[in-house]
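Q: need a 3D model of the following:
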Amino acid sequence: MVSEYTQTDRFRGARLHLCDVAGLEIRDCEVSGLKIVDCYGGAVHLGGAFERVVVNDVDVTAYVEAELDRLHPARVLARDATTPEEYQNAWAAVETLWSGTLDRARLLPDAALLEQVDGEWSFVETQRHLLFASDAWLGSAVLEEEAPFHPLGFPAGGTPREETEKLGLTLDATPTLDEVLEARRARMAAVRRVVDGLTTAELDRVCGRKPADPYPDQEYVVRRCLKVVLKEEAEHHRYAVRDLAVLEAGLAEPR
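A: So this is what the prediction gives:
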């Protein structure tokens, strides 16, 4: 049986020495200062937002970022957008990416689109998360809609269940891809309308509301909120195509 530890600081500053931690998974955790020294094993995978990554005394941070940018140019457009035109170009790139990837996903059996690869969100769950992201950062913060949250939205991992219930989200729902995409298409059209009408003044406008109650009470500016939407779309597309490749390979294997 796998041991599970959630929302604890019992390992802060801990030191593991001469232990067998093969298969250890650290997910959605603060890991600043994490050191793995004189260890050995097979494949080691890191994923997340790290300010600096050093492997065997070599700083690989810039290399990894440059390689990700080369493989996924939309993330550059999303990250570097500053003018209304650049926001429009970044969103156009996002629309193009998902159009092709959704066509690719539809070639897989429905069951595969509900399958999690290595514990990551399924393709349908990814669409649900992007639905939530647009509801929070666009519908709630930028547009200040009275009821911005679709019940099929899927928040970030670690969001307390009571907070999701306050937002009217149904995490245990098991929708089909088409059911999620019906709501996703409406949200993506809303983003298109907003970016098409952007001005510099609108980008600098302070939103009258925050994305959702779990978010901190601070100033939220339109350009920041739209940047979050763009980055979420670009990064989760990267994860989605990575996992689609695994699903496709599995279906192609002889049984």
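Q: just give me how far the longest helix seen in the chain sits from the chain centre.
A: Among the segments of the chain that qualify as a helix by DSSP state H, the longest is helix 222-252. The gap between where helix 222-252 is centred and where its chain is centred comes out at 7 Å by Cα atoms, centre = their mean, to the nearest Å.
Q: so what does it touch, helix or strand wise?
A: Using 3 or more Cβ pairs under 8 Å, 6 or more residues apart in numbering; DSSP states H and E as the contact criterion, the elements in contact with helix 222-252 are helix 73-80, helix 84-105, helix 123-134, helix 177-196, helix 200-203. (C-beta placed from N, C-alpha, C; glycine too.)
Q: try 10 Å this time
A: Using 3 or more Cβ pairs under 10 Å, 6 or more residues apart in numbering; DSSP states H and E as the contact criterion, the neighbours of helix 222-252 among helices and strands are helix 61-71, helix 73-80, helix 84-105, helix 110-113, helix 123-134, helix 177-196, helix 200-203.
Q: angle of the second one against helix 222-252?
A: In other words, helix 73-80. With axes from the mean of the first three to the mean of the last three Cα atoms, to 10 degrees defining the directions, helix 73-80 sits at 160 degrees from helix 222-252.
Q: counting contacts, what elements does helix 73-80 pack onto?
A: Counting contacts by 3+ Cβ pairs under 10 Å, 6+ apart, helix 73-80 is packed against helix 61-71, helix 84-105, helix 222-252.
Q: next, the angle helix 84-105 makes with it.
A: Angle between the axes of helix 73-80 and helix 84-105 is 150 degrees (criterion: the same axes, to 10 degrees).
Q: show residues contacting helix 73-80.
A: Applying Cβ atoms under 10 Å, 6 or more residues apart in numbering, the set of residues contacting helix 73-80 from outside is 65, 68-70, 72, 86-87, 89-94, 96-97, 226-235, 237-238.
Q: list the buried residues in it.
A: 74-78 (16 or more other Cβ atoms under 10 Å).
Q: ok now that helix, how far from the chain's centre?
A: Relative to the centre of its chain, helix 73-80 is centred 14 Å away, using Cα atoms, centre = their mean.
Q: which intervals of the stretch 1-150 of the chain have sub-threshold pLDDT?
A: Residues of the stretch 1-150 of the chain that meet the criterion pLDDT under 70 lie in 1, 28.
Q: run through the stretch 151-255 of the chain and note the low-pLDDT ranges.
A: 254-255.
Q: again, 80 this time
A: Along the stretch 151-255 of the chain, the model assigns pLDDT under 80 to residues 158, 252-255.
Q: quick revisit: list buried residues within the contacts of helix 73-80.
A: 72, 86-87, 89-91, 93-94, 97, 226-235, 237-238.
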